[in-house]
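> Just to be clear, the model below is a prediction. Sequence and coordinates:
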Amino acid sequence: MRGTTGDHPPPTSGYDAELRRHDEVLRRAVGIRLRDHVLDIGCGTGQTTRDAARAAGEGSALGVDVSAPAITRARELARTEGPANVAFERADAQAHRFPQERFDLVISRFGTMFFDDPGAAFTNIGRALRPGGRLVMMVWQAGELNEWDVTIRRSLAAAGGPAAGAPGGPDPFSLADPPAVRELLRGAGFTDVSFADVHEEVHYGPDVAAALDWVRGFTWTSEALKRMDPAAAARAVRNLRAALAAHLGDDGVRFDSRAWLVTARRS
C-alpha cells in the first residue's frame with residue numbers, strides 16, 4: 001500500500017495523526033493484492049479505506065462507520081483525493097446486510113471494540129467474506145499497558161470530586177484478552193486466529209494546546225469532566241495539561257501504547 005496520505009502532507013492532529021505509526025504496521029500486515037475487494041470496519045473519515053483502494057487498483061474498497069459526519073467527510077475526501085474504486089456507507093457492521101461472500105479481506109483500525117453483541121457482529125462480518133477470506137484488525141491491549149489511558153485516568157482521578165471515577169459506556173479494551181477473542185472469533189466461523197504485539201507511540205498533537213483539545217474530546221474524558229463539579233473539573237484540566245506537557249517532544253505530544261494485530265480466516 002502507498003503512504004497514508006498519498007501526495008498530501010501527513011496530518012498534524014486528529015485520529016489519523018494519532019495512529020500514524022499504527023497505520024504503517026497495518027499496511028504491512030494486510031498485504032492487499034491488486035484485485036482484492038476490501039471491507040473496512042469503523043473506517044472513520046476513510047484514510048485506511050482509501051489506502052486499501054489504491055493498493056487494490058483492480059479491485060475495490062468499501063468503508064463503513066456508524067458516524068454520519070465521518071462518512072460525509074470520507075466521501076468528500078474521496079471526491080478530492082480519489083481513488084475511483086472506493087465507496088463509503090453509514091452502517092452498523094453488527095447488523096448491516098453486506099453482500100454475502102463478497103470480500104477477500106476485512107480490515108479494521110481500532111473499529112471493532114464497541115459492538116453491542118460482538119458474537120453477532122463477527123458472524124455478520126464473516127458472512128461478507130468469501131471462504132478463506134482474511135480478517136486483519138488492530139485492537140488495544142489492556143488499559144494498564146497503555147500509557148495514554150493510565151495517564152489520563154490518573155489525571156482525572158487526582159482532581160477529586162464525587163464524579164471523578166471512570167465513566168461507563170463503550171470499552172476500548174473489550175478485545176484485549178487473546179483467549180477470549182480467539183473463542184469469540186472461532187464461534188463466529190473464523191479459524192487460524194493469531195495475535196501480534198504492536199508497540200508503537202500515539203501522537204496527540206503538535207503542541208500541548210492541540211493535544212489537550214484532542215484528549216478532552218474523548219467520550220469518556222468529556223463525560224467525566226461533565227460529571228465533576230466546576231472546581232474539580234478545572235483541577236482535572238490542569239492535571240491533563242501538565243501530563244501532556246510532560247510528554248511533549250520535538251515532534252509533538254506522544255504516549256506509549258500497546259495493541260494487538262489480530263488475524264484470522266473465514267473457515
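Nice, I can see it.
> from what I can see residue 15 touches residue 44, true?
Yes - between residue 15 and residue 44 there is a contact at 5.8 Å, judged by C-beta atoms under 8 Å. From N, CA and C alone the C-beta is placed, and that goes for glycine too.
> More neighbours: which of the two?
residue 44 (22 against 14; other C-beta atoms under 10 Å).
> farthest residue from the center of the chain?
Most distant from the centre of the chain: residue 231, at 32.9 Å, with distances by C-alpha atoms, centre = their mean.
> helices and strands around the host helix or strand of that one, which ones?
Applying DSSP states H and E as the criterion places residue 231 in helix 230-246. Contact here means 3 or more C-beta pairs under 8 Å, 6 or more residues apart in numbering; DSSP states H and E; on that basis helix 230-246 packs against helix 147-157, helix 208-216, helix 219-227.
> how far does the longest one sit from the chain's center?
A distance of 19 Å separates the centroid of the chain from that of helix 147-157, by C-alpha atoms, centre = their mean, to the nearest Å.
> Next secondary structure element downstream of that helix?
By DSSP H and E, the next helix or strand past helix 147-157 is helix 178-187.
> Mind listing what's buried along that next one?
Buried positions in helix 178-187, judged by neighbour count with 16 or more other C-beta atoms under 10 Å: 181, 182, 184, 185.
> Kindly indicate which of the residues you listed lies nearest residue 136.
When the buried residues of helix 178-187 are compared for distance to residue 136 (C-beta to C-beta), residue 185 comes out closest, at 12.1 Å.
> Pretty sure residue 45 sits in a helix.
No - with DSSP: H, G, I helix; E, B strand; the rest coil as the criterion, residue 45 is assigned coil and is not in a helix.
> From residue 80, how far off is the closest residue to it other than its chain neighbours?
The spatially closest residue to residue 45, leaving aside those adjacent along the chain, is residue 73, at 4.5 Å (C-beta to C-beta, 6 or more residues apart in numbering). With the distance defined as C-beta to C-beta, to the nearest Å, residue 73 ends up 11 Å from residue 80.
> of these two, who's got more company?
Comparing residue 73 with residue 80 by neighbour count (other C-beta under 10 Å), the higher total belongs to residue 73, at 15 against 7.
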